[in-house]
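Trainee: Using only what follows, build the 3D model:
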Amino acid sequence: MRLTATNLAARRSGRRIFSGLSFTLGPGEALMVTGRNGAGKSTLLSLLAGRLKPDAGTIAVADVGEATLAECLHVVGHRDGLKSPLTAEENLVFARDLLGAPTASPRAALEELGLGHALKLPIAYLSAGQRRRVALARLLVCRRPLWLLDEPTAALDTASQAVLAGLMARHRAEGGLIVAATHQSLGLDDARDLRIDEALKPASPSADASSAASEVWW
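Mentor: Have a look, this model is predicted:
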């Protein structure tokens, strides 16, 4: 799979929060999206996920056959997206059946994340860190090449962060792509960095589109 974003711009509540964002990711590559609060990190992930429409620019995928971008990605956002009355297993079964292309069983996915004992527990009984690990287990129950991760280490202890780093490394080794919005290191030293703080600064009246895009183009 190859993902290309060209001259993306986003507007929230009538305010342009970034513009001129361009990048290309190929198999096995990772992009760490950094910047201060409000710079537009989560907004960029929402654009890639199709939850928001860009104010300008395009997003395209290649080498995915007839699949759409939405059919190629997993999203783990700030909210865990889990149903509290359901067990960890039931949540993962639902995700697997909805998304298709099953790979690991719910039990195997939870065991990889150190939560095999929580298989039959309702989500409402779990701590914030445990809920986060159940949400991350969705990445394993079905195969999708693009992972969009928004602060994926939130609520995770050091041991769980190391497990996540291992899962991301394996995903990339298998040709997967990762775009992660983060305030801290994710253990991916060779990942490319896209910092979008500059997008918060008002452009000079004389600045043209090409100069704005050059701040973030590889």
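
Trainee: What ranges does this protein have for its strands?
Mentor: Using DSSP state E, the strands assigned to the chain run over residues 2-12, 15-25, 30-34, 56-62, 73-76, 146-150, 177-181, 192-195.

Trainee: Just say which of these is most tucked in.
Mentor: strand 177-181 (a mean of 25; mean count of other C-beta atoms under 10 Å). Yep, even glycine has a C-beta here, placed from its N, CA and C like the rest.

Trainee: avg pLDDT for that one?
Mentor: Strand 177-181 carries an average pLDDT of 97.

Trainee: May I have that strand as CSV, with CA atoms only?
Mentor: Output in CSV follows, covering the C-alpha atoms of strand 177-181 (Å, rounded to 0.1, in the frame of the first residue of the first chain):
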residue,chain,number,x,y,z
LEU,A,177,2.0,1.8,7.4
ILE,A,178,1.6,3.8,10.6
VAL,A,179,0.6,7.4,11.1
ALA,A,180,0.6,8.4,14.8
ALA,A,181,-0.2,11.6,16.5
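
Trainee: just how off-centre is it within its chain?
Mentor: Taking C-alpha atoms, centre = their mean, to the nearest Å, one finds strand 177-181 lying 5 Å from the centre of the chain it belongs to.

Trainee: go on, stretch 75-86?
Mentor: 14 Å.

Trainee: now swap in stretch 176-196 and tell me
Mentor: Centroid separation for stretch 176-196 versus its chain: 10 Å, with C-alpha atoms, centre = their mean.

Trainee: List the contacts of residue 3.
Mentor: Contacts for residue 3 were tallied using C-beta atoms under 8 Å, 6 or more residues apart in numbering; they are 24, 25, 48, 59, 60, 61, 69, 146, 177, 179.

Trainee: quick check, nearest of those to residue 102?
Mentor: Residue 102 has its nearest neighbour among these in residue 146, at 17.5 Å by C-beta to C-beta.

Trainee: Just grab the bridge partners of the closest one for me.
Mentor: Counting by DSSP bridges, residue 146 is bridged to residue 73, residue 177.

Trainee: Against residue 194, how distant is it?
Mentor: 15 Å (C-beta to C-beta, to the nearest Å).

Trainee: Then residue 156?
Mentor: Here the criterion is C-beta to C-beta. By it, residue 156 lies 23 Å from residue 194.

Trainee: Next: residue 120.
Mentor: 41 Å.

Trainee: Let me see the contact set for the residue nearest to the spatial centre of the chain.
Mentor: Nearest to the mean C-alpha position of the chain, by C-alpha atoms, centre = their mean, lies residue 148 at 1.5 Å. The neighbours of residue 148, taking C-beta under 8 Å, 6+ apart as the test, are 45, 48, 49, 73, 74, 75, 76, 179, 180.

Trainee: got a pLDDT number for the fourth one?
Mentor: By that I understand residue 73. If you check residue 73, the pLDDT there is 96.
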